[in-house]
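Undergrad: One predicted model, sequence on top.
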Amino acid sequence: MSHPSPGAEPVRIPADVDREDRVLADLTARQVAILAAAAVVLWLAWALTRRLVPPAVFAGAAIPAAAAAVMLALGRRDGLSLDRWLAAGLAQARGPRRLVPAPDGICPPPAWINPAVAGQARPLPAPLHLPATAVTTAGVITVSGDASVALATASTVNFALRTPAEQQALTGAFGRWLNSLQHPAQILIRAHRADLTAMAAQIRLAAPGLPHPALERAALGHCRGSAECPHSRSLKFPT
């Protein structure tokens, strides 16, 4: 590895490495293709109708079409470009509504069913194709192709009770993990129900053996607070 000279300027690496390449005027190839196709269509329409339609009338009809093309090329919705978002919505609208797990395909209805009744019935369900094909005990999920997804469980860390040095070490370790990622990752934060009844019972039994009455009163107060603590909440925060 060659090291830069002391006078060399640092090279800035963009954080969004998945950003599409810009080919013309900060536009991607897909955006340029959409705008170019819309311009060609409008030019052909003008060339075919310029002897029949006044320019003001053609401009009134072409401006909404041009605005729609610009919105389609530059607009975004839910993190997707508007053209991909509309294509996904169209595929969802035209796709089957009922999906069932059928790796061998959907069997047709038996021949003894009345054709008139079968004609009035709903269409047959479509087979459900899941992206995962196998799950191992180690938490590795095999998806389509040769790709795999790994699941990892991590416990919580009380960041506020750590010393500044420990907080800096934890933050640095988390930053190194983020910088080491080469594929998309998803972090799921989940709060499970906590039943403190057993812990409170153990403290209550051990309280009389404490060396000082004040410690016994504090332990019993802690038991009462643990029993009154709400423990029926369960929240999920996918990120």
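TA: The structure has been received and is ready for your questions. Residues are numbered from 1 along each chain as shown.
Undergrad: ok, now how distant is His222 from Ala194?
TA: 15 Å (CB to CB, to the nearest Å). Yep, even glycine has a C-beta here, placed from its N, CA and C like the rest.
Undergrad: Counting neighbours, what do you get for Pro109?
TA: The tally of other residues near Pro109 (other CB atoms under 10 Å) stands at 12.
Undergrad: Hmm, I typed the wrong one, I wanted Ala69.
TA: Ala69 - counted by other CB under 10 Å - has 19 other residues nearby.
Undergrad: got it, and the one 3 residues further on?
TA: When neighbours are defined as other CB under 10 Å, Leu72 has 17 of them.
Undergrad: which residues does it contact?
TA: Leu72 makes contact with Ile34, Leu82, Asp83, Leu86, according to CB atoms under 8 Å, 6 or more residues apart in numbering.
Undergrad: for Thr133, same thing?
TA: Taking CB under 8 Å, 6+ apart as the test, what Thr133 contacts is Thr142, Val143, Ser144.
Undergrad: what separates stretch 31-42 from the chain centre, distance-wise?
TA: Taking CA atoms, centre = their mean, to the nearest Å, one finds stretch 31-42 lying 31 Å from the centre of the chain it belongs to.
Undergrad: hang on, I meant stretch 52-64
TA: Distance, centroid of stretch 52-64 to centroid of chain: 43 Å (CA atoms, centre = their mean).
Undergrad: name the helices or strands packed onto the helix or strand encompassing Ile203?
TA: Using DSSP states H and E, Ile203 maps to helix 197-206. Helix 197-206 is packed against helix 213-228, with contacts defined by 3 or more CB pairs under 8 Å, 6 or more residues apart in numbering; DSSP states H and E.
Undergrad: The helix it packs on - contacts with which helices or strands?
TA: Using 3+ CB pairs under 8 Å, 6+ apart, helix 213-228 sits against helix 197-206.
Undergrad: so the helix it packs on versus helix 213-228, what angle?
TA: Per axes from the mean of the first three to the mean of the last three CA atoms, to 10 degrees, the angle that helix 197-206 makes with helix 213-228 is 160 degrees.
Undergrad: tell me which residues in helix 197-206 are buried?
TA: Ala200, Ile203, Arg204 (16 or more other CB atoms under 10 Å).
Undergrad: Can you report phi and psi for Val140?
TA: phi -100, psi 120 (degrees, to the nearest 10).
Undergrad: correct me, but it touches Ala150?
TA: Yes - at 5.5 Å, Val140 and Ala150 qualify as touching, with contact defined as CB atoms under 8 Å.
Undergrad: quick one, helices of this protein?
TA: In the chain, the helices defined using DSSP state H lie at 29-49, 55-74, 82-94, 115-120, 164-180, 197-206, 213-228.
Undergrad: how about the ones you listed in CSV, adding distance to Leu128 and mean pLDDT?
TA: Formatted as CSV, the helices of the chain follow (distance: least, CB to CB, whole Å; pLDDT from 0 to 100):
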stretch, distance to Leu128, mean pLDDT
helix 29-49, 31, 90
helix 55-74, 32, 89
helix 82-94, 15, 87
helix 115-120, 23, 52
helix 164-180, 34, 89
helix 197-206, 42, 83
helix 213-228, 46, 78
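Undergrad: Right, I'll leave it there.
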